[in-house]
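J.: what's the 3D shape of this:
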Amino acid sequence: MEKILVDFAFKSMQVSNPDGSIPLQITGCTEAPGPGETIAGTFPKSISMGSGGRMKAGMGNAPVNAKQFCIRIIFKADGPVLGRQNLVESTQLPFSIFLDKKGAGGNQFQLQVSCAPVAHGWSGTDTEFFMTLNTGTWYVADLVYDMDTLGLFIDGNIVSVHAFPSGQININAGKKDFFIGTWVDGNRNRFNGDIACFQWYSGIPLALETQLDERRSQAEWFISYKNNSIKKTLNLGARTKKYYFNGSSNGYIQEYQAGLIMYSPSIGTAFEMHGTIWTYYTNFTRKSELGYLISDEIHAGVSGARKNLFQKGGIYWSGGTGARAVTGQMYLDYEGHGEFKWIGLPNGEMQTISGGRQQSFQRARLYHKNNVGRAFEVHGSILNKYLATGATGKWGFPVSDETDIKNGSSVIGKMSEFEGSVIYWSGSTGAFEVHGDLLAEYKAMNGPLSNLGFPTSDESNTPGVGGAKHNTFQKGTMVWYGSKTSI
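T.: Numbering: from 1, shown residues only. Prediction:
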């Protein structure tokens, strides 16, 4: 239940609580007309701060609540707002409400609310991207703090929230003053305008608390919580626009000067992106292939490399390769195999080819055929042979990663299988392809473990024998005369 500690109605130059407690010291101000009827009551009069007005009061022994409180002020700004103008600030409980310029400044302004939890220092939110405030207009502004969440209200409606991972606010027992219309030195950041009412609550009025609680499940709460959790080690700078829902990523995005934070209800937490990966993502045209963020920028499997992971892909960066995205099935198999550390980082963009996709990496290529539940890598001498002899256009897609050929426990060579051939490699022979009936027969003989050993040539025409084909091997030759039975 809320309890009002300070209840100032500016009806004259003598202002205090209705019971006479907490008198307000007023200097350099004049009486002025008030707003009349507002959502907080009727106020026929106000006090104009003029060019040199100041107000100060002490809280005395009032039971200040640092966990839940509400600060309300009814004000009208006059003239152009070209910089910070304080409405109220306290030395006992670290909170502040102030105006600041909007854009180049002038007859429009933004209102900011701020407080200083122990773990985070001064931080808050504002109206900048949410609504336009105008000089010459009366507003009822509320700063509401509830355990770990700061809310800004205008005329009884919530505008923005700001969440803290650690919300403890300490009361300064040695200082009990609050200042209206200036900073806490009573001089700087003067407010130019009129004030009709000031109230300080211990606890929160129910109508405001209900709205604040509803925001705890919305994107802005999670985004601001994340920003405060990383700010000491990664300062993304100021917001550059209002947060928005991005349909391609299925997430809410808040853009900052040096990065972004994304939140998706599907995962229930927010993640950051910055640096070169953020720049790459901003210009990436296939965001739907990545989906929403599921990690901050973290170490990649290769020393010195970094990555951000997404629902359906990842962006990987190193100084040598730059930032590249890996998506879809290729991403699942790349990441699922510990980033295939032996093939390195992506150094080219994914390419659509007939029947599927391919992507180059530092020491390999990944291939994925449409509607096949696995992507496969090809690398080294086998990849060179595959590319030199026609790749997918000749042999189709790989159907295996490169695998060892063993004689007992000893590795004697390597092989990669494709839809239309197998390429074998050994240190003494190099890489050669075998396909068709010759491949079927070679496999039936136990391949490289047979008496033939490894192939020493690709399949080629047999000289002097029309239509015949052959492969040479370490210990023999296989010749095809038109059918498998003729081998």
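
J.: When you work out contacts or count neighbours from here on, use the C-alpha atoms and nothing else.
T.: OK.

J.: May I ask which helix or strand encompasses residue 332?
T.: Secondary structure from DSSP states H and E places residue 332 in helix 328-336.

J.: Mind giving me the packing neighbours of that helix?
T.: If contacts are counted by 3 or more CA pairs under 8 Å, 6 or more residues apart in numbering; DSSP states H and E, helix 328-336 sits against strand 313-318, strand 364-369.

J.: could you dump these to a markdown table with mean neighbour count, mean pLDDT and distance to residue 74?
T.: A markdown table is the format used below for the helices and strands packed on helix 328-336 (neighbours: other CA atoms under 10 Å; pLDDT from 0 to 100; distance: least, CA to CA, whole Å):
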| stretch | mean neighbour count | mean pLDDT | distance to residue 74 |
| --- | --- | --- | --- |
| strand 313-318 | 24 | 97 | 49 |
| strand 364-369 | 23 | 96 | 64 |
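
J.: Including distance to residue 442, could those go into a markdown table?
T.: As requested, those are exported to a markdown table (distance: least, CA to CA, whole Å):
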| stretch | distance to residue 442 |
| --- | --- |
| strand 313-318 | 40 |
| strand 364-369 | 26 |
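
J.: who wins for proximity to residue 227 among these?
T.: Residue 227 lies closest, by CA to CA, to one member of the helices and strands packed on helix 328-336: strand 313-318, at 21.1 Å.

J.: Output the lowest-mean-pLDDT helix or strand in the chain as CSV, restricted to C-alpha atoms.
T.: None of the helices or strands of the chain scores lower by mean pLDDT, DSSP states H and E than helix 328-336, at a mean of 92. Extracted as CSV, the C-alpha positions of helix 328-336 are listed here (Å, rounded to 0.1, in the frame of the first residue of the first chain):
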residue,chain,number,x,y,z
GLY,A,328,20.4,-23.9,-42.3
GLN,A,329,21.6,-27.5,-42.4
MET,A,330,25.2,-26.5,-43.1
TYR,A,331,25.1,-24.5,-39.8
LEU,A,332,23.7,-27.4,-37.9
ASP,A,333,26.4,-29.8,-39.1
TYR,A,334,29.2,-27.2,-38.8
GLU,A,335,28.3,-26.2,-35.3
GLY,A,336,27.2,-29.8,-34.3
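
J.: Could you check how far the next helix-or-strand element following that helix is from the centre of its chain?
T.: Remark: after helix 328-336, the chain's next helix or strand is strand 351-353, criterion DSSP H and E. The chain centroid and the centroid of strand 351-353 are separated by 29 Å under CA atoms, centre = their mean, to the nearest Å.

J.: One more: stretch 109-116?
T.: Once both centres are worked out by CA atoms, centre = their mean, stretch 109-116 turns out to sit 24 Å from its chain's centre.

J.: which residues are in contact with that stretch?
T.: Residues from elsewhere that reach stretch 109-116, judged by CA atoms under 8 Å, 6 or more residues apart in numbering: 81, 94-102, 121-128, 132-135, 143, 150-152, 169.

J.: quick one, helices of the chain?
T.: Counting by DSSP state H, the chain has helices at residues 206-215, 219-230, 275-283, 328-336, 380-388, 391-395, 436-444.

J.: Figure out which of those helices is closest to residue 238.
T.: With CA to CA, the closest approach to residue 238 among the helices of the chain belongs to helix 219-230: 10.6 Å.

J.: Please save the CA atoms from the closest one in PDB.
T.: Only the C-alpha atoms of helix 219-230 are listed here, as PDB (Å, rounded to 0.1, in the frame of the first residue of the first chain):
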ATOM      1  CA  ALA A 219      10.600  -6.800 -24.900                       C
ATOM      2  CA  GLU A 220      11.700  -3.400 -23.600                       C
ATOM      3  CA  TRP A 221      12.100  -4.900 -20.100                       C
ATOM      4  CA  PHE A 222      14.400  -7.700 -21.200                       C
ATOM      5  CA  ILE A 223      16.400  -5.500 -23.600                       C
ATOM      6  CA  SER A 224      17.100  -2.900 -20.900                       C
ATOM      7  CA  TYR A 225      17.900  -5.600 -18.400                       C
ATOM      8  CA  LYS A 226      20.500  -7.000 -20.800                       C
ATOM      9  CA  ASN A 227      22.000  -3.600 -21.500                       C
ATOM     10  CA  ASN A 228      22.500  -2.900 -17.900                       C
ATOM     11  CA  SER A 229      24.000  -6.400 -17.300                       C
ATOM     12  CA  ILE A 230      26.800  -5.800 -19.900                       C
END
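
J.: Which other helices and strands does that helix contact?
T.: Applying 3+ CA pairs under 8 Å, 6+ apart, one finds that helix 219-230 makes contact with strand 157-163, strand 259-264, strand 269-274.

J.: okay, the angle between it and strand 259-264?
T.: Counting by axes from the mean of the first three to the mean of the last three CA atoms, to 10 degrees, helix 219-230 lies at 130 degrees to strand 259-264.

J.: Which of the residues in helix 219-230 are classified as buried?
T.: Across helix 219-230, burial judged by 16 or more other CA atoms under 10 Å covers 219-229.

J.: again with stretch 405-412
T.: 405, 412.
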